[in-house]
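with the sequence up front, the predicted model follows.
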Amino acid sequence: MDSLILEISTRGLHRYEPIEAEVTTLGRALDNDIILSDPTVAPHHLKIIRHQDGRLELVNLAAVNPTRVETLPIDTRELTRLPAGIEIGRVHLQLLARDNPVAETRPLAGNGRRGHLFGHPYWAILLALICICVGALDFHLNFYTSFKWSDLFKYVLRETVLTIGAFVLALSILERLLVNRWEMKQLLTSVCLVYLLFEGASVLAFGLDYLLSASWPGTLFHFGWYLAIIPAAIAIYLINISHIKRGRSIVLALLIASPIAAPSILQSPEMQALLDDFSSSASYHNRLSYLNWHLRDTVSIDRFIEQAHGLEPGEIAD
Amino acid sequence: MSAASALAAASAVGLPCGLRLALADLGRSEPYDISLKEYLLRLCLFAAWILLASAFAGPARALDSKEIYQLNEDRVFQVRVLNRETGKKSSIGSGFIVADGSRLATNYHVISQVILEPELFYISFIGNNGQEGELKLLGLDVAHDLALLGADHRLGEAIEMSPLPPRGAPIFAMGNPLDLGLSIAVGTNGGILNQTDDSRILFSGSLNPGMSGGPTFNARGEAIGINVATARNDISFIVPSRFLSALIEKSNSDSYGADTDLKEEVARQALAYENRYIEQLLESDWPSLDLRQLKLPGVISPTVRCWDNSAKLSAAARYKRYQIRCTNQNHVYLDEDNRFVGRLLYEYYWLESEDLNAIQFYNLYESLNKDQVDAELDRDMVSNFNCETWFIEVSSQQMKSNLCRREYVEYRGMSDVLFTAALTGHQDRGFFITLILTGVDYRATLPLIRKFLENTEWIP
């Protein structure tokens, strides 16, 4: 008779016990063959009997939290097919045949190659340094007073280092809770890539704003960033780095992104405008660009006045 | 005392007819052929009259505040807006008897709540002598903040009105400050303020809430104006009595009935005033002012004051900015929600830098391009703004411009307009103009915007 394997799952952790003896007992007491130290498990909870003729029988021994097979409580139950799901208290078991197929092997991120972005910590450090440089450039372009190293240091520390650090820390804790691993180098690389993508995409979106004399590119970017790009980035990370199943990764990504997205979106002027159908402020197109690339024609004063006659007042709020 | 003024004084206090005739005789200039006895008799008679006049003819000489108070304490009332449900005061002001004795003059802003919510409030008066009753609205002059109210019976003798005394002359404001009882404030005439479109007198005395609508007297006890507003300690404003006289005359032939839409009337009057004001601006020649490389409209009306508003920059700033802000003073009170309309504001902002690169400069430039109409109004007062963007060629330069408009919900045809125009195409220089008009006819503002742009000249 082929031996069987019992998969024991507790809080997402799996361990595997071969079932080779004719009778195997499970419970919290120390005289069991397999000891389960969960308080919801009875001292003697389940007996697995392997008959000579190949039949497999389960016998419930617990008065409290009786054994369930495929969610139904049992006293005695003969198993006719494998795998079979068993619950003992809150411990989940699965009785598997030795030849039960397993999922395909997932490749390591970057296939373990050092040249790959995820393959070596040096890349993560390099990307983090690039982010700091971008943060310093941001400071340079948005500060209009004489240069001071202390200002630069404070700005980069606040806007770049602490931002990236906070994300890495929060996501690594989540990763630890989800898959019991620390993937710091991959996580730092991923957060840095997302940061750089944000910096580049925002410049592009605001440039489009000016080009089209419209605010929808910036608005689309703002909403798209928090509602699509951040969850997508997290999902891709969970699927490819943490090797979590696709559906679960998407749900987890949405859950992880929502605390970041919700305040950013809810506090944005665009969302305020959507939530509140009235504003006392005039929302006009104030963007200016040194490139001065725009698709709108330049009109004469006469033409402007002529067209301005058609300007209607805004909507009256309810 | 001249003979003429003595006559006027005699008339005012009602001296016997014989004495007045005698006084009139004294005004003759040709010599008389009379006996010494008759001459002495007449001289004695004149001396007697002088004594009498000094004793009784108060208004002909300069009165003090006590005498003015005593003369008018029964002719100045507290005007109150009462809640129909609770019978309690919602707002208070003052009023005084004018015209045929059954009418009270006050400020429009004292009773404006009744116009917004006539089903909830009504107007009443109460006098120093306990006399009280309900009042109805007979006429409004929104532009000058005046209202004429009517009682159903005669309230007393009307207060005479008079033109403004010389600048510096003492004047006396009566009213009910803070609901503490009738009082009189003494101050001096600061003259007509041309920055208020001649609709305000500067009163160097103290007006307090509750005195609005009360009369301001000259030293003869005649009303030269109506208390209207205060700015700070001993800087207060009076509406000249000529506007009240015009309102009384108008209401004689055209007073309001039960079917008058008062909100529409308020909007009509405010817009008519603003349209006249804009027309005056369009008709006048505008002096220019220079701001770096631009020649711009300067003080375009006596009602406008321009101030250098350039913020002091720190020594570390790597740019220079120059800001000039011009506003008018002749705002019009609109309603109980403390809305003032008729505001004209234009602001020039020049920015330049030799140290910043083009990206830095435009990041700074854009961050400053955010002017708003700073009136926080609720959804039930105004619509949202609707804005449109243009690139306009102005004096061979290109300006990115935005024009925004919102309308007043309860006042048909009234809009707030915001126009901005930012210079583009220069790497190290920027300029924008902001023009704000509130409570105006939108279409009437377009020629004004055009004139602003046409009077903007780039100096290469």
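Nice, thanks for sending it over. Numbers count the residues shown, from 1 in each chain, chains lettered A, B, ... in the order given.

the closest residue to chain A within the stretch 251-400 of chain B: what secondary structure?
Nearest residue of the stretch 251-400 of chain B to chain A (Cβ to the nearest Cβ) works out as B:N384 at 3.2 Å. For the C-beta atoms, the positions are set from N, CA and C on the backbone; glycine is no exception. Secondary structure, DSSP: H, G, I helix; E, B strand; the rest coil: B:N384 is coil.

so what pLDDT did it get?
B:N384 is assigned a predicted lDDT (pLDDT) of 94.

what sits against it?
Taking Cβ atoms under 8 Å, 6 or more residues apart in numbering or on different chains, we find B:N384 in contact with A:277-279, A:313-317, B:406.

per-residue pLDDT of the residue nearest the centre of chain A, please?
For chain A, A:A253 is the residue whose C-alpha lies nearest the centre (Cα atoms, centre = their mean; 3.0 Å). At A:A253, the model reports a pLDDT of 92.

how near is it to A:G247?
11 Å (Cβ to Cβ, to the nearest Å).

now swap in A:S280 and tell me
From A:S280 to A:G247 the distance is 46 Å (Cβ to Cβ).

so these two - more neighbours on which side?
Between A:S280 and A:G247, counting by other Cβ atoms under 10 Å in any protein chain shown, A:S280 is the more crowded of the two (17 against 9).

right, and that one touches B:E376 too?
Yes - the criterion here is Cβ atoms under 8 Å, and A:S280 meets it with B:E376 at 5.2 Å.

circling back: dump the contacts of B:N384 to TSV, plus neighbour count.
Shown next, in TSV, are the contacts of B:N384 (neighbours: other Cβ atoms under 10 Å in any protein chain shown):
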residue	neighbour count
A:D277	12
A:F278	17
A:S279	16
A:P313	19
A:G314	19
A:E315	13
A:I316	16
A:A317	15
B:R406	28
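
now the two most distant members of those residues.
Largest separation among the contacts of B:N384 by Cβ to Cβ: A:D277 and A:P313, giving 14.5 Å.

chain B: helices as residue ranges?
For chain B, helices defined by DSSP state H occupy the ranges B:3-13, B:17-26, B:36-56, B:65-72, B:108-116, B:241-253, B:262-283, B:358-368, B:442-454.

so how far is chain B from A:L169?
For A:L169, the distance to chain B equals 31 Å [Cβ to the nearest Cβ, to the nearest Å].

let's verify that residue: helix, strand, or coil?
Assigned state for A:L169: helix (three-state reduction, three-state DSSP).

same deal with A:S9?
Classification of A:S9 using three-state DSSP returns strand.

the nearest residue in space to it that is not next to it in sequence: neighbour count?
Nearest residue to A:S9, sequence neighbours excluded (Cβ to Cβ, 6 or more residues apart in numbering or on different chains): A:H92, at 4.4 Å. Residues lying near A:H92 (other Cβ under 10 Å) number 14.

surely A:H92 touches A:A84?
No - with contact defined as Cβ under 8 Å, A:H92 does not reach A:A84; the gap is 11.6 Å.

the strands in the stretch 1-150 of chain A, which residues?
Assigned by DSSP state E, counting those that start in this stretch, the stretch 1-150 of chain A shows strands spanning A:4-10, A:13-19, A:23-27, A:34-35, A:46-50, A:56-60, A:68-69, A:72-73, A:76-79, A:84-88, A:91-97.

dump those to TSV, plus mean pLDDT and distance to B:V239.
Formatted as TSV, the strands of the stretch 1-150 of chain A follow (pLDDT from 0 to 100; distance: least, Cβ to Cβ, whole Å):
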stretch	mean pLDDT	distance to B:V239
strand A:4-10	89	86
strand A:13-19	89	86
strand A:23-27	95	97
strand A:34-35	94	97
strand A:46-50	94	97
strand A:56-60	93	98
strand A:68-69	93	90
strand A:72-73	91	91
strand A:76-79	89	99
strand A:84-88	93	88
strand A:91-97	92	87
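
could you dump these to a markdown table with distance to A:K148?
Converted to a markdown table, these look like this (distance: least, Cβ to Cβ, whole Å):
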| stretch | distance to A:K148 |
| --- | --- |
| strand A:4-10 | 56 |
| strand A:13-19 | 52 |
| strand A:23-27 | 69 |
| strand A:34-35 | 65 |
| strand A:46-50 | 71 |
| strand A:56-60 | 74 |
| strand A:68-69 | 68 |
| strand A:72-73 | 72 |
| strand A:76-79 | 75 |
| strand A:84-88 | 65 |
| strand A:91-97 | 60 |
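
the contacts of B:N384 in strands, which ones?
Assignment to strands by DSSP state E places the following of the contacts of B:N384 there: B:R406.

pick the one among the contacts of B:N384 closest to B:I433.
Of all the contacts of B:N384, B:R406 has the smallest distance to B:I433: 20.0 Å, by Cβ to Cβ.
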